[in-house]
Every structure is written in structure tokens, then in C-alpha cells.
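S.K.: the sequence and its predicted three-dimensional model are supplied below.
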Amino acid sequence: MTYLLAVDSSISGPDSVSRPLVAEFADSWCAAGPDRSVVSRDLAANPVPHLTTAGLHYAEVLRRPHESVDPAAADLQRELIDEVAGAAAVVIGAPMYNWSIPSTLKTWLDHLHVLGVTTSSDDQPGKLQGIPVVVVSPRGLAYDDSDPGQAGDHTVPAIEKILAGSMGMDVTSVVVDYTLAERLPAVAEHAPAGESSKAAARERIRELGGGGGGGPPPPPPEVKICHQD
């Protein structure tokens, strides 16, 4: 059965902006064809452990003698990579926290980015090359890194650099601006712009989804069957 890997990292619970959008993408993706399923990995509820050795950054043949790797840690890394490699597509909820990536999401990305295994070059495609990924990134304000006065998005560019630039995945990013306008009086004037941004993101998400387009290991990911006879 073809599956979508849906990754959440928001800690905001019912206030989360990214989680409903990830779910909406999954619903649209499931509705686009038969025999589809969704594998859900919630990095907030079940975070993966931080890397404990630089050896996990490299393929086994590239490790130095002193970079010993715990077999359980290597098994977990392999499991996470295989989970992505087996997916027809991936959707990632990546809210901006303090102008950056949630730490749990960064740790997951650290497990995936392995020189000599998942990194890509012209003569050596990585294991994840070409897999379509949609990154959903809400942020409290609005940012434009092409304008020095409005720069500050260190979330989406970093994720795109890792997934697309280094691993050759096919990344599309969808942002939602001014999510703090409903909460902070100082930015309340931007509430209409925030609502417009969220509406545009939902429309884009439905379009993309319909296009087909060292510690103890976490518990097995939840599997949702979209179509069942």
C-alpha cells in the first residue's frame, strides 16, 4: 500500500496551526487515489533521541576508528531513514520557534542527513532523492529574507537546504504568517493579514495534497488507512 509520511512537531496542542494543515494535506492526499495510507510520526509526543556521536553523521565506511556507534542507535537511524525512503510523499509540520526549527524536528533531520547514504550528488544519488516533501511552516510574524529589514526566517531555508539542497528531495514550502496576531495585542493589527495567509495556505495545501504530490526508540508510528475494502 502506498503511504504518506506525516510528521508533526508542534507543541501547541489545540492551538497549533501546523497540525490541522498537515492533517488536511493528508486527507487530500488520501482522497486523490485508492490504496493509500498515512504513517504519522509525532515528534512532540514521541521525540527521537539526540545523536550522541558524530559517527551517525556518516556512512559506516566513512567513520573514523574512534567514532563508535551503539547498534541500537544505528538501528533507529536506519528505521527513520527507511520510513522516509518508503514513502510516496512526506508532509512536515515545521512551526517557527524562536526564529528557528523546533528542536525535535532538528533531531529527526539530523538522523536523516547521513553523508554517503542520504546525501546526493550528480554521480551519487542519495537514498531519499526525488521524494516529494511539503513543509508547512506557521510563524508569528511575517518574514522576507530578500529584504534585510524583514529577514529572520531561519526555519524554512534551513529545512530546504537539508532536504532539497543536500539530499535531493523535491521540496515545496507553504508558510502561514502572523499567527500571533490573535494572541499578542502588539501585532493585533495584522489579524486580517494572518487570516488571509492561513486561508491561502489551506488552499495551497489542498491543491498539493490532491496532486498526489542514543536512547530508547520511540513507539511505532501510527498508521491510518485511507481506503479500505
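M.R.: On my side now, so go ahead.
S.K.: stretch 198-205 - what's its average pLDDT?
M.R.: Mean per-residue pLDDT for stretch 198-205: 97.
S.K.: this protein: strands as residue ranges?
M.R.: If DSSP state E is used as the criterion, the strands of the chain fall at 2-8, 36-42, 89-93, 132-138, 170-176, 222-225.
S.K.: nearest to residue 159, out of these?
M.R.: Of all the strands of the chain, it is strand 132-138 that lies closest to residue 159, at 5.5 Å by C-beta to C-beta. For glycine as for every other residue, the C-beta is placed from the backbone atoms N, C-alpha and C.
S.K.: then stretch 68-83 to PDB, C-alphas only?
M.R.: Listed next in PDB are the C-alpha coordinates belonging to stretch 68-83 (Å, rounded to 0.1, in the frame of the first residue of the first chain):
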ATOM      1  CA  SER A  68      31.900   4.100  17.800                       C
ATOM      2  CA  VAL A  69      28.200   3.800  17.200                       C
ATOM      3  CA  ASP A  70      25.800   2.000  19.500                       C
ATOM      4  CA  PRO A  71      24.000  -0.700  17.500                       C
ATOM      5  CA  ALA A  72      20.600   0.400  18.900                       C
ATOM      6  CA  ALA A  73      21.200   4.000  17.700                       C
ATOM      7  CA  ALA A  74      22.200   2.800  14.300                       C
ATOM      8  CA  ASP A  75      19.100   0.600  14.100                       C
ATOM      9  CA  LEU A  76      16.900   3.600  15.000                       C
ATOM     10  CA  GLN A  77      18.600   5.800  12.400                       C
ATOM     11  CA  ARG A  78      18.100   3.100   9.800                       C
ATOM     12  CA  GLU A  79      14.400   2.800  10.700                       C
ATOM     13  CA  LEU A  80      13.800   6.500  10.400                       C
ATOM     14  CA  ILE A  81      15.600   6.700   7.000                       C
ATOM     15  CA  ASP A  82      13.700   3.700   5.700                       C
ATOM     16  CA  GLU A  83      10.400   5.200   6.800                       C
END
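S.K.: picking up where we left off before, could you export the strands of the chain as a markdown table, including mean pLDDT, distance to residue 69 and mean neighbour count?
M.R.: Formatted as a markdown table, the strands of the chain follow (pLDDT from 0 to 100; distance: least, C-beta to C-beta, whole Å; neighbours: other C-beta atoms under 10 Å):
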| stretch | mean pLDDT | distance to residue 69 | mean neighbour count |
| --- | --- | --- | --- |
| strand 2-8 | 97 | 24 | 23 |
| strand 36-42 | 96 | 22 | 20 |
| strand 89-93 | 98 | 25 | 26 |
| strand 132-138 | 98 | 27 | 24 |
| strand 170-176 | 98 | 28 | 20 |
| strand 222-225 | 48 | 28 | 13 |
